[in-house]
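Visitor: Everything below, folded, please.
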Amino acid sequence: MEPLFIKKISIDHSKIDKNSYLKKIKAISSANSIYFNSPVTFFVGENGSGKSTLLEAVAVQYGFNPEGGTRNYNFSTYDSHSELFEAITLIKSYRRAKNGYFLRAESFYNVATMEEEYADPLHPSEKYHERSHGESFIGIIQKYMNSNGLYLLDEPEAALSPQRQLTLLIEIYRCAKAGSQFIIATHSPIILGMPGASILSFDNGKIHPCEYEETESYQVTKAFINNRTGMLKMLLDDEGNN
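Guide: As a prediction, this is how the structure comes out:
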């Protein structure tokens with residue numbers, strides 16, 4: 001395996017304001033270093049556990065636009081990113097990524113709009129607004145994902161059907177074998193099934209490795225599929241008693 005573009009993240013907590021909400025995110029406030037040992041690393045955890053916050057900070061520190069796109073995108077519709085990027089140091093290898101993309105589900109509309117504004121006769125727009133959300137996501141993936149690239153994906157499954165999630169898994173696997181590195185925040189039990197990937201959980205107040213079968217995404221999905229009637233009865237009966 002070729003050296004990864006990003007080998008380690010170090011966090012200097014002294015650079016984070018003592019009143020910052022980041023201090024309340026236990027997984028981040030308790031972490032000093034995060035290591036990467038696989039071309040594909042997944043961040044998993046409950047909403048609010050800090051996985052997207054850290055992924056965003058890595059993206060901004062690496063030079064991506066906070067709202068997404070390639071490193072050539074430079075715009076801002078709303079500055080919502082945290083100051084965490086100022087407190088982290090990316091430990092890189094000698095390799096330099098030839099390609100890259102930061103995909104954020106929540107701000108994809110803004111990126112699609114800017115893609116049209118950046119277009120010119122030599123680089124015509126893909127007109128993502130004229131496609132469905134899922135088709136636009138797949139279009140971005142197929143256009144920008146290549147070998148020797150760094151790709152940061154925040155909940156890419158948000159607009160994708162299960163079949164399209166399998167398509168994404170195939171594309172990630174193909175690019176990773178061709179020398180690319182991926183860091184992905186996801187809840188998808190399908191995408192998390194990637195062979196050979198590392199999984200870092202942000203649950204229980206610390207960032208720690210976990211196995212696929214230990215993720216909540218897998219466990220909840222498995223429990224629901226195996227006993228849909230029983231789980232729904234329990235959940236809805238409890239709701240009716242409240």
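Visitor: Could you use CA atoms for every contact and neighbour count after this?
Guide: OK.
Visitor: contacting residues around the nearest residue to R95 once chain neighbours are set aside?
Guide: Counting by C-alpha to C-alpha, 6 or more residues apart in numbering, R95 lies nearest to F5, which is 5.9 Å off, once chain neighbours are set aside. For F5, the contacting residues are K92, S93, Y94, R95, R96, A97, L150, Q181, by C-alpha atoms under 8 Å, 6 or more residues apart in numbering.
Visitor: ok, what's across the strand from I34?
Guide: Using DSSP bridges, the beta-bridge partners of I34 come out as I9.
Visitor: Distance check, it against F85.
Guide: Note on I34: its distance to F85, by C-alpha to C-alpha, to the nearest Å, is 14 Å.
Visitor: For those two, indicate the residue with more neighbours.
Guide: F85 (22 against 14; other C-alpha atoms under 10 Å).
Visitor: can you tell me which helix in the protein is longest?
Guide: Counting residues, the longest helix in the chain under DSSP state H turns out to be helix 162-177.
Visitor: follow-up on the earlier one: out of the contacts of F5, which end up buried?
Guide: In the contacts of F5, burial by neighbour count holds for A97, L150, Q181, counting by 16 or more other C-alpha atoms under 10 Å.
Visitor: Among the contacts of F5, which are located in strands?
Guide: Where the contacts of F5 overlap with strands, as defined by DSSP state E, the overlap consists of K92, L150, Q181.
Visitor: residue contacts, the nearest residue to the last one once chain neighbours are set aside?
Guide: Okay, so that is Q181. If you skip the residues right next to it in sequence, Q181 has P39 as its closest partner in space, 4.6 Å away by C-alpha to C-alpha, 6+ apart. Contacts for P39 (C-alpha under 8 Å, 6+ apart) come out as L4, A176, G179, S180, Q181, F182, A197.
Visitor: tell me which of these is nearest to S29?
Guide: Nearest to S29 among the contacts of P39, counting by C-alpha to C-alpha, is F182 at 23.6 Å.
Visitor: pretty sure that closest one is touching A176, no?
Guide: Yes - counting by C-alpha atoms under 8 Å, F182 sits close enough to A176 to count as a contact (7.4 Å).
Visitor: Need the residues touching each of those two.
Guide: Taking C-alpha under 8 Å, 6+ apart as the contact criterion, the common neighbours of F182 and A176 are P39, V40.
Visitor: Which parts of the protein are helices?
Guide: If you assign secondary structure with DSSP H, the helices in the chain sit at 26-29, 51-62, 108-118, 133-144, 162-177, 216-226, 228-240.
Visitor: In this structure N148 contacts K177, no?
Guide: No - contact between N148 and K177 fails when scored by C-alpha under 8 Å: they sit 9.5 Å apart.
Visitor: Which of the two has more residues huddled nearby?
Guide: Between N148 and K177, N148 has the larger neighbour count (other C-alpha under 10 Å), namely 22 against 15.
Visitor: Enumerate every residue touching that one.
Guide: When contacts are counted by C-alpha under 8 Å, 6+ apart, N148 is found next to A97, K98, N99, C175, A178, G179, S180, Q181.
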